[in-house]
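Asks: Got a sequence here, can you build the structure:
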Amino acid sequence: GCLYLFERDCSIQRRHQKVIEEAPAPNMDPARRKAMGEAAVAAARAIGYRGAGTVEFIADQDGTFFFMEMNTRLQVEHPVTEAITGQDLVEWQLVVAAGGKMPLTQDQLRIDGHAVEVRLYAEDPARNFLPSTGTLVHLRLPEEGAHVRVDTGVRQGDTVTPFYDPMIAKVIVHDRDRASAMRRMAALMGETEVVGVTTNAALLKALCSHPAFVGGEVDTGFIERHRDTLFAKVAPAGDRAFAVATLARLVEWQEALPPAGDPWSPWNQQNSFRLLDEGHDEVRWNDGERDVAVIARRLKDGGLRLELPGGAQDARVQRYDDGRLAIGLGDDTFVATVVRRKANDGGIDYAVFADGENRRLRLVDPLDVTQYEATASAETAVRAPLPGKIIDLRVKAGDTVSKGQALLVLEAMKMEHTLAAPADGKVKSVRYAVGEQVTEGAELVEFE
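Replies: Next up, the predicted model:
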């Protein structure tokens with residue numbers, strides 16, 4: 001028998017990749033679903049096809065649809081159909097391949113609720129969806145349950161390479177209706193924690209929270225049409241982010257206490273002991289173009305008072321066994337994750353995950369002169385964001401360029417990436433020629 005209730009997806013598409021799939025698709029009425037299903041079955045019968053497969057169509061706003069392609073397999077979107085039908089399509093595929101019959105007929109299938117699937121990718125939407133490679137230093141995906149399914153082939157410590165699709169995971173939610181499913185997915189994307197590569201989690205959260213998207217006003221031009229909202233400029237970090245990062249730094253110092261020694265010696269204490277002064281620690285952070293110093297004063301009751309840009313707040317912190325921090329800040333209590341990571345330029349970054357948001361702050365060490373050298377180098381050169389091949393050069397030594405001007409084209413992961421000048425300046429040297437392979441981080445163009 002032939003079933004056509006395999007895939008019904010309405011996708012945000014860019015560069016032929018879908019990042020959100022759902023079932024039933026918005027604006028998919030029973031008549032259109034039936035017509036598409038019959039067309040798919042007719043196509044399979046016309047070529048004598050036997051087995052599980054997927055036929056894809058593209059639809060116009062007026063409901064007219066056109067054949068795109070057929071794949072002789074299930075597609076990456078199949079979990080949305082499994083969620084709303086309660087069926088295991090992979091099992092069905094194996095049964096049919098072994099010569100058996102499908103367990104149910106089309107008339108016996110029923111749709112229950114609404115399902116949404118997102119593809120969590122290692123890519124940077126703000127940089128024209130440039131793929132991101134590197135080691136997954138920290139990975140915490142949504143917890144699976146009655147409403148949540150996570151399909152992934154990687155784990156913390158694995159490396160996202162330039163040789164394969166940069167998908168980290170598929171996250172699928174099933175709820176009673178579309179609005180509920182979108183709301184649940186937006187919350188899950190806010191809770192997703194990835195350090196080591198840039199991901200599209202923030203964009204997925206913004207999409208699933210956008211009123212127009214939730215309302216079903218979806219087409220392939222959605223992202224460009226709502227770019228200003230979806231890619232809203234990130235505001236400077238607030239007191240909460242600085243407080244969490246500082247508390248994490250203090251916990252690190254505390255955990256670095258020597259395992260043995262004279263318990264009464266001030267040299268074996270980490271309580272900010274000072275002669276003739278109130279004990280305190282100072283931690284400095286860089287957030288974009290500003291530096292912020294946070295003073296942490298020890299209180300007699302064992303707590304802390306943090307002097308933040310917006311004022312002083314009392315704080316407490318404790319690390320759980322899973323590495324997360326239980327934090328009390330003023331009258332509020334919450335759980336946060338902070339991941340320390342050495343960046344490619346040699347600096348130390350702290351990734352802060354709290355309240356469904358994440359921030360990256362740079363630790364400022366006044367005694368480390370190399371961090372200033374790394375910053376100066378970064379401002380005078382354009383480096384390869386990932387391994388690839390130079391396929392076009394737009395400038396040469398001696399050229400004067402403007403900020404945003406195209407410098408070269410790098411081919412990587414089956415895509416072409418145009419690298420632009422970070423600021424106005426003059427090209428001092430071009431380090432590679434067309435056709436040469438470059439490694440991630442390689443200095444491509446140097447400026448005077």
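Asks: L130 against L386, yeah?
Replies: Yes: counting by Cβ atoms under 8 Å, L130 does reach L386; the two are 7.5 Å apart. From N, CA and C alone the C-beta is placed, and that goes for glycine too.
Asks: Report the set of residues contacting both of the two.
Replies: H417 (Cβ atoms under 8 Å, 6 or more residues apart in numbering).
Asks: the bottom helix or strand of this protein by mean pLDDT?
Replies: Least confident helix or strand, the chain: strand 13-14 with a mean of 43, by mean pLDDT, DSSP states H and E.
Asks: Grab the most central residue of this structure for me.
Replies: Compute the mean C-alpha point of the chain, and by Cα atoms, centre = their mean the closest residue is T199, 2.4 Å away.
Asks: about what we covered before: more crowded one of L130 and L386?
Replies: Set L130 next to L386 and count neighbours by other Cβ atoms under 10 Å: L386 wins out with 22 against 19.
Asks: Is E446 part of a helix or strand, or is it coil?
Replies: strand (DSSP: H, G, I helix; E, B strand; the rest coil).
Asks: now it: how far from Q93?
Replies: 54 Å (Cβ to Cβ, to the nearest Å).
Asks: before we move on, what about P103?
Replies: 12 Å.
Asks: again, but for M70
Replies: From M70 over to Q93 (counting by Cβ to Cβ), the distance is 15 Å.
Asks: Between these two, tell me which one has more neighbours.
Replies: Q93 (18 against 15).
Asks: In terms of pLDDT, where does the more buried one sit?
Replies: pLDDT, Q93: 88.
Asks: Please apply the same query to K403.
Replies: pLDDT for K403: 89.
Asks: Look at it and give its secondary structure.
Replies: coil.
Asks: What about it, how many residues nearby?
Replies: Other residues near K403 come to 10 when the count uses other Cβ under 10 Å.
Asks: In contact with it, which residues?
Replies: By Cβ under 8 Å, 6+ apart, the residues touching K403 are A420, A421, P422, A423, D424.
Asks: ok, now with 7 Å
Replies: A421, P422, A423, D424 (Cβ atoms under 7 Å, 6 or more residues apart in numbering).
Asks: right, and the first one touches A406 too?
Replies: Translated: A421. No: at 8.1 Å, A421 does not count as touching A406 under the criterion of Cβ atoms under 7 Å.
Asks: And the two? Which one has more around it.
Replies: Using other Cβ under 10 Å as the criterion, A421 and A406 rank with A421 on top: 20 against 14.
Asks: distance of the more buried one from F231?
Replies: Counting by Cβ to Cβ, the gap from A421 to F231 is 21 Å.
Asks: same thing with G51?
Replies: 42 Å.
Asks: Which of those two has more residues huddled nearby?
Replies: Neighbours were counted for G51 and for F231 using other Cβ under 10 Å; F231 has more, 14 against 10.
Asks: Extract the C-alpha trace of stretch 353-366 and format it as PDB.
Replies: Extracted C-alpha coordinates of stretch 353-366, given in PDB (Å, rounded to 0.1, in the frame of the first residue of the first chain):
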ATOM      1  CA  PHE A 353      23.900  31.000  30.500                       C
ATOM      2  CA  ALA A 354      21.100  32.300  32.700                       C
ATOM      3  CA  ASP A 355      17.400  33.200  32.300                       C
ATOM      4  CA  GLY A 356      17.200  31.700  28.800                       C
ATOM      5  CA  GLU A 357      19.900  34.000  27.500                       C
ATOM      6  CA  ASN A 358      23.600  33.700  27.000                       C
ATOM      7  CA  ARG A 359      26.500  36.200  27.100                       C
ATOM      8  CA  ARG A 360      30.200  36.000  26.400                       C
ATOM      9  CA  LEU A 361      32.500  38.100  28.500                       C
ATOM     10  CA  ARG A 362      36.300  38.500  28.200                       C
ATOM     11  CA  LEU A 363      38.300  38.100  31.400                       C
ATOM     12  CA  VAL A 364      40.700  41.100  31.700                       C
ATOM     13  CA  ASP A 365      44.000  40.300  33.400                       C
ATOM     14  CA  PRO A 366      46.000  43.500  33.900                       C
END
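Asks: Pull out the buried residues from that stretch.
Replies: Under the neighbour-count criterion of 16 or more other Cβ atoms under 10 Å, stretch 353-366 has F353, A354, N358, R359, R360, L361, R362, L363, V364 buried.
Asks: Include pLDDT when you put those residues into JSON lines, please.
Replies: Shown next, in JSON lines, are these (pLDDT from 0 to 100):
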{"residue": "F353", "pLDDT": "97"}
{"residue": "A354", "pLDDT": "94"}
{"residue": "N358", "pLDDT": "92"}
{"residue": "R359", "pLDDT": "94"}
{"residue": "R360", "pLDDT": "95"}
{"residue": "L361", "pLDDT": "96"}
{"residue": "R362", "pLDDT": "95"}
{"residue": "L363", "pLDDT": "95"}
{"residue": "V364", "pLDDT": "93"}
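Asks: among those, which are in helices?
Replies: Among these, no member falls in helices (DSSP state H).
Asks: Closest one of these to D287?
Replies: Closest to D287 out of the buried residues of stretch 353-366 is L361 (5.8 Å), distances taken as Cβ to Cβ.
Asks: Tell me which residues touch the residue nearest to the centre of the chain, please.
Replies: Counting by Cβ under 7 Å, 6+ apart, T199 has contacts L120, Y121, A122, I168.
Asks: which element is the last one on?
Replies: If you go by DSSP states H and E, I168 is part of strand 167-175.
Asks: and if you look at L203?
Replies: For L203, the host element (DSSP H and E) is helix 201-209.
Asks: Tell me how far that helix lies from the chain's centre.
Replies: For helix 201-209, the separation from the chain centroid amounts to 10 Å (computed by Cα atoms, centre = their mean, to the nearest Å).
Asks: remind me which residues of this structure are low pLDDT?
Replies: 1-18, 26-27, 257-279, 367-379 (pLDDT under 70).
Asks: Let's see the PyMOL selection covering just the buried ones among the contacts of K403.
Replies: Entered in PyMOL, the line below selects the buried ones among the contacts of K403, by 16+ other Cβ under 10 Å:
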select buried, resi 421+422
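Asks: just checking, what packs against the helix holding L203?
Replies: helix 178-191, helix 227-230 (3 or more Cβ pairs under 7 Å, 6 or more residues apart in numbering; DSSP states H and E).
Asks: can you redo those helices as TSV with mean neighbour count and distance to P142?
Replies: Conversion of the helices and strands packed on helix 201-209 to TSV gives the following (neighbours: other Cβ atoms under 10 Å; distance: least, Cβ to Cβ, whole Å):
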stretch	mean neighbour count	distance to P142
helix 178-191	20	4
helix 227-230	12	21
